[in-house]
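K.L.:
let me see the structure of the following:
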Amino acid sequence: MTIQNFRNYLLAKGALTDEQFDTVSHAIQERTVAKGTVLLRQDEICSEVYFVANGLLRSYTVDDNGREHIIQFAPEDSWISDRNSFLFGEPSLIFIDTIEESKLVVLTPEFFQQVSAFAGFNTFNTKALHNLVRMQQHRISLLIGASAETRYMDFIERYPSLTLRVPQWMIASYLGITPESLSRVRRELARRNFKPGSQSSE
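P.N.:
As a prediction, this is how the structure comes out:
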């Protein structure tokens, strides 16, 4: 079902036709990965891109004091990799691991070389890259100037299903705040009867 999920995803996005998918299916692998498995380590060369059919991954850096700084969460129907390392063969600056047991579609350079012949996938991939840049710019803006509450509200909007799947310290790491600050934000929102998924904190 993992590869079928991936096929359905690409067909729904208009990236490939059934026939085109069949021509590249030999370059697609599926893998079930246990919780806590490290898929990529800092300084390694990234040779794979992951599509999450089921489960949850994250990417993060580790600073000189051993603190983790989470860059991305990747739940179902998400892609995760180190694009710079994958495309240019440079040592990775990040780690990627699994937060939950996950079923992944594993894509190698061979897959991308072959699908580059299809205009639909090229359009899809360009849009995905533009969306990634837009999201990163938005996140940088929040990290530079937004309050802890605004960052948390943005997280809930972006990842509505993750508040119960991700440990609070990981959410705090993603937001660039301390766990104590996140606890204060959550207490204040609870005092105002805010519930994740609602449109306001009246």
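K.L.:
so who does Met1 touch?
P.N.:
Listed by C-beta atoms under 8 Å, 6 or more residues apart in numbering, the contact set of Met1 reads 53, 103. In short, each C-beta sits where N, CA and C put it, glycine included.
K.L.:
which residue lies nearest the spatial centre of the protein?
P.N.:
For the chain, the residue nearest the mean C-alpha position is Ala74 (2.9 Å; C-alpha atoms, centre = their mean).
K.L.:
surely that one and Ala53 touch.
P.N.:
No - Ala74 is beyond contact range of Ala53, at 11.2 Å (criterion: C-beta atoms under 8 Å).
K.L.:
quick one: the helices in this protein?
P.N.:
For the chain, the helices defined by DSSP state H occupy 2-12, 18-24, 83-88, 109-115, 119-145, 148-158, 168-175, 179-191.
K.L.:
what's the angle from the fifth one to helix 2-12?
P.N.:
Between the axis of helix 119-145 and that of helix 2-12 there is an angle of 90 degrees, by axes from the mean of the first three to the mean of the last three C-alpha atoms, to 10 degrees.
K.L.:
give the other helices and strands that helix 119-145 contacts.
P.N.:
When contacts are defined as 3 or more C-beta pairs under 8 Å, 6 or more residues apart in numbering; DSSP states H and E, helix 119-145 packs onto helix 148-158.
K.L.:
list the buried ones in the helix it packs on?
P.N.:
148-149, 151-153, 155-156 (16 or more other C-beta atoms under 10 Å).
K.L.:
domain map for this protein?
P.N.:
Following automatic domain parsing, the chain resolves into domains at 2-115, 146-191.
K.L.:
in a markdown table: those domains, plus mean pLDDT and distance to Met135.
P.N.:
As requested, the domains of the chain are exported to a markdown table (pLDDT from 0 to 100; distance: least, C-beta to C-beta, whole Å):
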| stretch | mean pLDDT | distance to Met135 |
| --- | --- | --- |
| domain 2-115 | 96 | 9 |
| domain 146-191 | 94 | 8 |
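K.L.:
and Val133, which of those domains is closest to it?
P.N.:
Of all these, domain 2-115 sits nearest to Val133, with 10.8 Å by C-beta to C-beta.
K.L.:
TSV please, covering the helices of the chain and showing distance to Arg41.
P.N.:
Shown next, in TSV, are these (distance: least, C-beta to C-beta, whole Å):
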stretch	distance to Arg41
helix 2-12	24
helix 18-24	28
helix 83-88	11
helix 109-115	19
helix 119-145	22
helix 148-158	26
helix 168-175	18
helix 179-191	25
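K.L.:
among those, which is nearest Ile70?
P.N.:
Distance to Ile70, taken as C-beta to C-beta, is lowest for helix 168-175 among the helices of the chain, at 4.2 Å.
K.L.:
list the residues that contact Phe21.
P.N.:
Applying C-beta under 8 Å, 6+ apart to Phe21 gives the contacts 7, 10-11.
K.L.:
can you check Ala27 too?
P.N.:
Residues near Ala27 by C-beta under 8 Å, 6+ apart: 107-108, 110-111, 114.
K.L.:
just the closest of the residues you listed to Leu175, please.
P.N.:
Using C-beta to C-beta, the contacts of Ala27 come closest to Leu175 at Leu107, 29.6 Å.
K.L.:
I'm done for today, thanks for sticking with me.
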